[in-house]
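# Sequence below, structure please.
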Amino acid sequence: MSILGYLQKIGRALMVPVATLPAAAILMGVGYWIDPVGWGGQNALAAFFIQSGSAIIDNMGVLFAVGVAYGMSKDKDGAAALAGFVGFLVLTTLCSPAAVAMIQKIPADQVPAAFGKIKNQFIGILVGIIAAELYNRFSNVELPKALSFFSGRRLVPILTSFVMIVVAFIMMFIWPVVFSGLVGFGEHIQKLGSIGAGVYAFFNRLLIPVGLHHALNSVFWFDVAGINDIPNFLGGAQSIEAGKAVVGVTGRYQAGFFPIMMFGLPGAALAIYHCARPENKAKVLGIMMAGAFAAFFTGITEPLEFSFMFVAPVLYVIHAILTGISVFIAASMHWIAGFGFSAGLVDMVLSSRNPLATQWWMLIPQGLVFFVIYYVIFRFTITKFNLMTPGRELAVAGDETDGQDVNVSVDSAQDVSGLARQYIAAVGGTDNLTGIDACITRLRLNVKDSALVNDALAKRLGATGVIRLNKTSVQIIVGFVAEKIANAMKTTGHVPAAGNAAPAAAPVAGVKPQAVPNATVIAELVSPVTGELVALDQVPDEAFASKAVGDGVAVKPTEGIVVSPAAGTIVKIFNTNHAFCLETEKGAEIVVHMGIDTVTLGGQGFTRLVEEGAEVVAGQPILEMDLAYLNANARSMISPVVVSNIDDFSGLVIKAQGQLVAGQTPLYDIKGK
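Predicted coordinates:
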């Protein structure tokens, strides 16, 4: 695994302990609502809630050790978590000030201050990583029969405790140096004040695509560099008494995110919707509304950010800059509202009565201003530079019928198991897949060759983006079902790569005819239109050219009559009459799509000659085209003729070459398995 891939694995594991923070935020938030003045000193119930939340915040170091060890273990077993817990206890006990004074035989007042801060999240992460690696390496070790009880998973916590003795010895010498470096970094940013907060927020957004923002957050949100913003804010009373939290300052690395997540990104979503092509607006509206709702109420922004992060990177850089500006403004004005999970409405309400929340209501008008800023900048940039944000991409067959994506072999009743099989096929099949993991919204996959990943198919299955980190590491953005899909992928049997075709024979007119030995011909197709043969990879549409829709060839028509390429049933004619689907007697599903992006013509130039459900024979006229009009107005009249369920058969034998005659020239044979 590459260094970047390993760091991302750590980033994913960090989400396990971070997921406990909402519990602390809710408990403390309720306590502050009950007793906003005494912070539990005047109400026993308020004290009950606040102290319950503090139990989580005060032990974040050990929670990180347990969570990271569990999250990075190969099979997510509790023995790894136990090893992390044991390792944290051993290391922090041996490196406590009293133990250091005794072991090094120095007076207690000469022990470096760093050892007083040994129970922090940084140490927890370090212990968690070591424990996970020990678990992954030694959890299957078998000891001699006399010691067999301690074999396998039981061995790991024992082994971890011994390893931590060595680590503790090393840490006695290097921890003061590491701690000083972390504190120095934190102090440098702190000296920059509000500017430092803005710089942090800018890089926080920029690191999201590779999942490394968690590492940056740990410096500012937890007790790694002495800033500890989230625990200080949520534990307001205790922190103030200890002289760590400052009213109007603590929370400066959080507050400015509220205007962005609750208002700015929904403004961007509205701009993306308004810039979508008319025929795609219904689909885009659903996607943008769901993303905006999640961002506003919960502060979860990935669904929106990943919708434009890769198709329009300039917008994402603008988003990062605006986030930095927002955090800078809030920090400068001391408008503070903290969060335990993310900067959504729920956290804002819970923190509003926190003793450290100052002028938090000013974040709302700031957010309204950023809503307008995001909308104006995003809409101007999208239209000015013709950026391909969601809904501005060119349409393909089926998009116009109901506003839904044309998922290959996926329908509304598709279960997670079936979807998992199709994602495996999209990444090159089981033979190309070497590792499966997931975070909140992403499939994190290790593959033998990332070039084999079919981006178009993944997006047609519902993914909003595909990230190739390197040759062997790929992330697919699928939304909140990522973990369910990943779990299903782990238990799925062998799956071949999507769109695999049989070996090719002699090339004809740019197309390589395929030979499928020892297979029966189950359908013989003729050309549906008179014209010139074109190789499928030459079709100016990614979905067809990548074989995401199916395998076959294309024809550039020279005459206007379109006929059925084989005998069967017309199961679908699209509303704009530009394409139809034919099912043969043996179950082959043929898609004949006349031209590219012809759906945008609204049916002009096409006349339907039969109706859906009609039984037809090869060569029977199906459509009539006004070719002069279409050549003048369509983006391209290259017309794919593909088998959409080609995986159910052995492959194709392409027989055509050069010039074709509708209903007469053999196009290709479909071979059965």
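# Can you tell me what sits against the strand or helix carrying residue 269?
In this assignment (DSSP states H and E), residue 269 forms part of helix 265-275. Identification of contacts with helix 265-275 by CB atoms under 8 Å, 6 or more residues apart in numbering yields 281, 284-285, 288-289, 291-292, 295-296, 301, 304-305, 307-308, 315, 319, 370-376, 378-379, 382-383, 389-392. The C-beta positions use only the backbone N, C-alpha and C, and glycine is treated the same way.
# Now a PyMOL select for only the buried ones of those.
Entered in PyMOL, the line below selects the buried ones among the contacts of helix 265-275, by 16 or more other CB atoms under 10 Å:
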select buried, resi 281+284+285+288+291+292+295+296+301+304+305+307+308+315+319+370+371+373+374+375+378+379+382+389+390+391+392
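# Among the contacts of helix 265-275, which lie within helices?
Residues of the contacts of helix 265-275 located in helices (DSSP state H): 281, 284-285, 288-289, 291-292, 295-296, 304-305, 307-308, 315, 319, 370-376, 378-379, 382-383.
# which helices and strands does the host helix or strand of residue 642 pack with?
Here residue 642 sits within strand 639-643, counting by DSSP H and E. Secondary-structure packing of strand 639-643 (3 or more CB pairs under 8 Å, 6 or more residues apart in numbering; DSSP states H and E): strand 551-557, strand 589-593.
# Out of the ones you listed, the one nearest residue 366 is which?
strand 589-593 (48.9 Å; CB to CB).
# looking only at pLDDT, what's the mean for that closest one?
Averaged across strand 589-593, the pLDDT comes to 89.
# Also stretch 299-319?
Rounded mean pLDDT across stretch 299-319 is 80.
# Check stretch 66-77 too.
pLDDT averaged over stretch 66-77 gives 85.
# Any buried residues in that stretch, and which?
Under the neighbour-count criterion of 16+ other CB under 10 Å, stretch 66-77 has 66-73, 77 buried.
# same check, this time on stretch 119-135
So for stretch 119-135, counting by 16+ other CB under 10 Å, buried means 119-135.
# With stretch 353-367 instead?
Under 16+ other CB under 10 Å, the buried positions of stretch 353-367 are 353-358, 360, 362-363, 366-367.
# neighbouring contacts of that stretch?
28-29, 32-33, 36, 39, 232-234, 236-237, 239-240, 245, 247-248, 250-251, 255-256, 258-260, 262-264, 326, 329-330, 333-338, 348, 351-352.
# Check stretch 602-621 too.
525-526, 561-573, 575-578, 582, 594, 598, 622-626, 629-630, 633-634, 662-664.
# Now do residue 143 against residue 314, distance only.
Distance from residue 143 to residue 314, counting by CB to CB, to the nearest Å: 58 Å.
# Repeat that for residue 94.
51 Å.
# More neighbours: which of those two?
A direct count of neighbours by other CB atoms under 10 Å for residue 94 and residue 314 places residue 94 higher, at 18 against 12.
# What residues does that one make contact with?
Counting by CB under 8 Å, 6+ apart, residue 94 touches 103, 164-165, 168-169.
# Could you look up the SS state of residue 622?
Using DSSP: H, G, I helix; E, B strand; the rest coil, the structure places residue 622 in strand.
# Pretty sure it sits against residue 562.
Yes: under the criterion of CB atoms under 8 Å, residue 622 makes contact with residue 562 at 5.4 Å.
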